[in-house]
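Let's see this in three dimensions:
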Amino acid sequence: MMSRVKIIIHGAVQGVGFRPFVYRLAGELGIKGWIINSSQGVFIDAEGNNKTVNDFLTRLKTDKPKNSFIQSFEYSYLDPAGFEKFEIKESKESGAKTALVLPDISTCDDCIKEIFDPNDRRYLYPFTNCTNCGPRFSIIKSLPYDRANTTMSEFEMCPECNAEYTDPMNRRFHAEPIACPKCGPQVELWNRKGEILTSKNEAISIAAELLLKGMVIALKGIGGYQLIADARNSDAVKMLRTRKRRNEKPFALMFPNLDAVKQECELSEAEEKLLTSVESPIVLVKKKKGVTSILSIECATGNPYLGVMLPYSPLHHILMRKLNIPVIATSGNISEEPICIDETSSLEKLGCIADYFLVNNRKIMRHVDDSIARIISGREMIIRRARGYAPLPVQIEGLSKPVMAAGAHLKNTVALNKDSNVFISQHIGDLENVESISAFKNVINDFEKFYEITPVLNVCDLHPDYISTKYIKELGGNTLQVQHHWAHILSCMAENNIEGKVLGVSWDGTGYGTDGTIWGGEFLVPNGNNFKRAAHLKTFRLPGGEKAIHEIWRIGYALLYDVFRIEAAKYINHDKKELVIIDQMLNKGINSPVTSSMGRLFDGVASILNIRQKVNFEAQGAMELEFAAELTESEMSTYNFEIEYNSEIMIINWHLILQEIVTDLNIGISKNIISAKFHNTLTEIILSIAKKLKFERVILTGGCFQNKFLIEKSISKLQKNGYKVYWHQRVPTNDGGISLGQIKYASLSSNPSPHREGKKAISL
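I've put the predicted structure just below:
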């Protein structure tokens with residue numbers, strides 16, 4: 001008996017070879033009918049005998065292309081229509097745009113083989129791609145994902161490319177960025193004045209020669225410019241640091257192949273899998289001990305980890321094959337500004353950094369940085385979510401209307417939902433300069449236009465001085481403000497799809513509290529549509545306010561003063577006259593805001609141990625404190641601490657911890673052991689609070705849990721004591737995940753009450 005079925009598939013099914021897959025499957029099974037791309041997804045009308053139609057339905061899900069994923073698969077039976085063949089119909093743009101856009105995908109093995117095959121027509125062509133790889137998000141203008149809606153529309157296909165593009169049996173069937181040396185984009189080598197020196201493969205060869213001579217090259221990649229330099233050449237790396245104004249922060253490295261990474265780094269199976277994945281992020285891996293490194297020490301001073309990646313675009317593969325050495329591959333920007341995506345801005349912004357420019361004439365629609373990830377307790381954890389991951393959505397139920405979330409101030413991302421799909425933007429960065437603020441606004445406008453959404457509710461942070469908050473308030477309309485650390489917890493709940501009773505541990509550097517103080521060492525639990533502050537770190541002062549975040553000796557001294565008062569000066573080596581001024585600031589509360597921040601406690605302990613007194617980038621002191629602990633992983637002892645009660649809130653008093661740290665220092669205990677004991681104590685604090693509150697599920701979130709030593713010890717300790725532990729995987733645990741938490745807050749009630757001026761955003 002004949003059957004006919006109408007199928008609607010939503011998900012990442014455009015730009016992944018889904019239509020040719022369906023076409024080939026239909027041919028194999030003898031199915032007749034058609035398939036079409038639309039702005040909503042893929043529509044299939046299929047007809048055959050009962051068995052083949054059932055097999056067709058099953059294999060659509062089991063045999064689908066590896067880069068696709070299906071969010072919903074709906075089908076209904078219709079009367080047979082008597083189709084004579086199976087065909088692929090032309091895409092439609094009508095209707096609401098709900099189809100998912102794939103991230104930019106690293107070059108597949110088949111394309112790599114062609115690039116390095118002298119007999120192939122795409123030999124050494126730096127824009128080779130197929131339906132299984134290549135740019136997506138960075139080049140698309142609008143949905144549906146068809147060539148006419150990408151920046152490749154200005155390149156007319158040659159007959160050979162057109163034949164591949166229109167052949168359903170070819171792996172380049174509807175590969176929208178399809179190109180070859182005859183008809184596609186080309187590379188050129190420019191000097192700082194924008195003058196063309198040479199082009200095509202010779203441009204890449206000369207760029208390689210210049211890199212080996214110690215020059216810095218600005219390379220136009222998939223989602224923006226990168227600054228490339230020989231990672232073995234200390235003079236070149238120092239020069240790049242000086243020009244880029246990046247004093248000590250580690251540089252990302254690109255290695256020519258996996259074997260080259262293994263010569264320098266310890267690689268677990270999970271780390272190797274992540275490095276070679278289609279997302280191809282920068283992966284934080286540990287340097288090998290006891291080997292002579294070819295890398296300049298300037299790449300990552302005082303850091304046992306390297307941020308490494310493999311070539312992920314054809315241009316990278318060709319350049320790295322010519323070089324066969326590791327290179328610095330850092331974002332093409334002046335530190336803390338967005339990366340450049342066009343030739344005009346690159347010459348203006350990078351002309352004082354790069355010696356030469358390896359450019360191309362394929363336009364980039366939107367900036368997309370390299371993503372950063374690491375393995376935590378055997379699982380992938382994204383630290384910066386961009387290329388390879390954005391803008392794939394997270395699903396949140398309960399969202400009946402479109403909501404826009406403006407994210408945080410640092411590591412900003414924005415988020416926008418369409419029904420249950422929450423689209424988190426690529427990494428935007430810190431909103432601390434005109435360029436970043438402009439990028440923030442552009443991304444919001446881009447998302448709203450891209451998905452044709454007009455939000456009816458806007459969500460932002462509680463902090464009144466955040467640029468993101470001010471922007472939302474200037475928009476007017478319905479607005480919700482969400483406490484920063486509650487947004488962190490909600491983000492982790494959303495990612496892990498959990499509801500109900502849970503203990504949220506939210507530890508970071510800074511977040512505006514509902515009481516007007518700076519929070520950051522928080523234990524929060526759900527309380528209806530909001531939260532209750534169940535416990536927090538005992539507060540202390542930050543003498544000098546913002547200045548203390550950079551001169552962390554101020555925090556160290558403030559902690560010592562809180563415990564030892566007039567004796568505090570004995571335990572710190574600093575100018576005594578300046579300490580007298582700090583004493584007055586602390587006693588009178590002058591320019592010394594109160595905080596419960598765990599991130600700042602890390603800074604203070606790093607200072608007390610004389611690991612670092614001033615920082616050149618965010619969390620530098622905390623990172624070096626972590627690295628010290630990792631040198632003594634066998635140290636399992638802890639310090640004493642007290643839990644006090646203030647009304648219904650538990651206060652974690654760290655005074656005993658500090659007293660015992662000072663005692664250990666005085667008797668000559670190593671800083672490594674002290675740091676390990678401090679970290680172990682923090683895991684004991686989490687366990688103790690969980691026991692007192694009798695929670696079975698614990699969430700670990702916030703920037704402090706980027707600390708591998710801390711989070712893995714905490715996970716292990718909690719799990720051994722019978723707790724179910726949740727942490728971030730595909731959404732950053734740092735402020736890059738805040739926008740998702742803000743959207744989750746809007747979903748807690750079908751009609752959340754918007755924040756009104758003059759009232760607290762959240763009542764406890």
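
Now for residue 240: which residues touch it?
If a contact means Cβ atoms under 8 Å, 6 or more residues apart in numbering, then residue 240 has 216, 227, 229, 246, 251, 328, 330, 353 as its contacts. No exception for glycine: its C-beta is placed from N, CA and C like everyone else's.

so the second one sits in a strand?
If I follow you right, that is residue 227. Yes. According to DSSP: H, G, I helix; E, B strand; the rest coil, residue 227 belongs to a strand.

Hmm, it is touching residue 351, no?
No. In this structure, residue 227 is not within contact of residue 351 by Cβ atoms under 8 Å, at 12.0 Å.

Between those two, which is the more surrounded one?
With neighbours defined as other Cβ atoms under 10 Å, residue 227 and residue 351 compare such that residue 227 has more, 24 against 15.

mind listing what the more buried one touches?
With contact set as Cβ under 8 Å, 6+ apart, residue 227 has these partners: 216-219, 240, 244, 328-332, 350, 353-354.

Narrow the residues you listed to those in strands?
Secondary structure assignment by DSSP state E places 217-219, 328-331 of these in strands.

just the buried members of these?
Among the ones in strands among the contacts of residue 227, those classed as buried by 16 or more other Cβ atoms under 10 Å are 217-219, 328-331.

Nearest to residue 23 among these?
For residue 23, the nearest member of those is residue 219. The distance, counting by Cβ to Cβ, is 37.4 Å.

Return the set of residues that bridge with the closest one.
With DSSP bridges applied, the residues forming beta bridges to residue 219 are residue 226, residue 358.

mind giving me a markdown table with the contacts of residue 227 and columns for distance to residue 265 and pLDDT?
Written out in a markdown table, the entries for the contacts of residue 227 read as follows (distance: Cβ to Cβ, whole Å; pLDDT from 0 to 100):
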| residue | distance to residue 265 | pLDDT |
| --- | --- | --- |
| 216 | 24 | 98 |
| 217 | 24 | 98 |
| 218 | 27 | 98 |
| 219 | 23 | 98 |
| 240 | 21 | 97 |
| 244 | 24 | 93 |
| 328 | 16 | 98 |
| 329 | 16 | 98 |
| 330 | 18 | 97 |
| 331 | 21 | 96 |
| 332 | 25 | 95 |
| 350 | 29 | 96 |
| 353 | 27 | 97 |
| 354 | 27 | 98 |
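
export these to TSV and tack on distance to residue 53?
Conversion of the contacts of residue 227 to TSV gives the following (distance: Cβ to Cβ, whole Å):
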residue	distance to residue 53
216	60
217	56
218	55
219	50
240	60
244	60
328	55
329	50
330	53
331	51
332	52
350	57
353	60
354	58
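
which one among those gets closest to residue 180?
residue 219 (21.3 Å).

Domain map for this structure?
Domain ranges of the chain: 2-88, 187-372, per automatic domain parsing.

mean pLDDT for those: which is lowest?
Least confidently modelled of these is domain 2-88, at a mean of 87 by mean pLDDT.

thought residue 337 was touching residue 435?
Yes. The pair residue 337 / residue 435 is scored as a contact, 4.5 Å apart, by Cβ under 8 Å.

neighbour count winner among the two?
The residue with the greater number of neighbours, taking residue 337 and residue 435 and applying other Cβ under 10 Å, is residue 337; the counts read 20 against 17.

From residue 437, how far off is the more buried one?
Computed with Cβ to Cβ, to the nearest Å, the distance linking residue 337 and residue 437 is 11 Å.

quick check: longest helix of the protein.
Ranked by residue count, the top helix of the chain under DSSP state H comes out as helix 671-693.

Closest one to residue 392 out of the contacts of residue 240, please.
residue 330 (25.0 Å).

if I pick the closest one, what's in contact with it?
Contact partners of residue 330, counting by Cβ under 8 Å, 6+ apart, are 226-227, 240, 244, 246, 251-252.

Which two among those are spaced furthest apart?
Largest pairwise distance in the contacts of residue 330, by Cβ to Cβ, is 13.8 Å, between 226 and 246.

the more surrounded of these two?
With other Cβ under 10 Å as the criterion, residue 226 and residue 246 differ in neighbour count, and residue 226 comes out ahead with 27 against 19.

re the thing from before, deepest in the core, which of the domains of the chain is it.
Highest mean neighbour count among the domains of the chain (mean count of other Cβ atoms under 10 Å): domain 187-372, with a mean of 20.

Now do that domain: distance from first to last residue.
In terms of Cα to Cα, to the nearest Å, the two terminal residues of domain 187-372 are separated by 27 Å.

quick one on the thing from earlier: any chance of the ones in strands among the contacts of residue 227 in a markdown table with distance to residue 479 as columns?
As requested, the ones in strands among the contacts of residue 227 are arranged in a markdown table below (distance: Cβ to Cβ, whole Å):
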| residue | distance to residue 479 |
| --- | --- |
| 217 | 45 |
| 218 | 41 |
| 219 | 42 |
| 328 | 43 |
| 329 | 40 |
| 330 | 37 |
| 331 | 32 |
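
Confirm for me that residue 200 is in contact with residue 185.
No. At 10.8 Å, residue 200 and residue 185 do not qualify as touching, with contact defined as Cβ under 8 Å.

Residue 408: what secondary structure?
At residue 408, secondary structure determined by three-state DSSP is coil.

Kindly tell me how buried it is, as a neighbour count.
Other residues within reach of residue 408, judged by other Cβ under 10 Å, total 31.

Isn't it up against residue 462?
No. Here residue 408 does not reach residue 462: they are 10.7 Å apart, not a contact under Cβ under 8 Å.

Common neighbours of those two, please.
The overlap between the contact sets of residue 408 and residue 462 (Cβ under 8 Å, 6+ apart) consists of residue 484.

would you turn the domains of the chain into CSV with distance to residue 477?
Formatted as CSV, the entries for those read as follows, by distance: least, Cβ to Cβ, whole Å:
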stretch, distance to residue 477
domain 2-88, 26
domain 187-372, 25
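
Between those, which one is closest to residue 141.
Each of the domains of the chain was checked against residue 141 via Cβ to Cβ, and the shortest separation belongs to domain 187-372, namely 6.1 Å.

For residue 596, see how far away residue 523 is.
In this view, residue 523 and residue 596 are 10 Å apart by Cβ to Cβ.

again, but for residue 703
The span separating residue 703 from residue 596 equals 15 Å under the rule Cβ to Cβ.

Kindly report the same for residue 717.
Using Cβ to Cβ, residue 717 is found at 22 Å from residue 596.

Settle it for me: which of these two has more neighbours?
Regarding residue 717 and residue 596, a neighbour count based on other Cβ under 10 Å identifies residue 596 as having more, with 26 against 18.

Neighbours of residue 687, how many?
The number of residues packed near residue 687 is 17, by other Cβ under 10 Å.

Tell me, what's the model's pLDDT at it?
Per-residue confidence (pLDDT) for residue 687: 98.

For residue 201, see how far away the spatially closest residue to residue 537 that is not a sequence neighbour is.
Distances taken as Cβ to Cβ, 6 or more residues apart in numbering put residue 521 closest to residue 537, at 3.0 Å, once the chain neighbours are dropped. Taking Cβ to Cβ as the measure, residue 521 falls 56 Å from residue 201.
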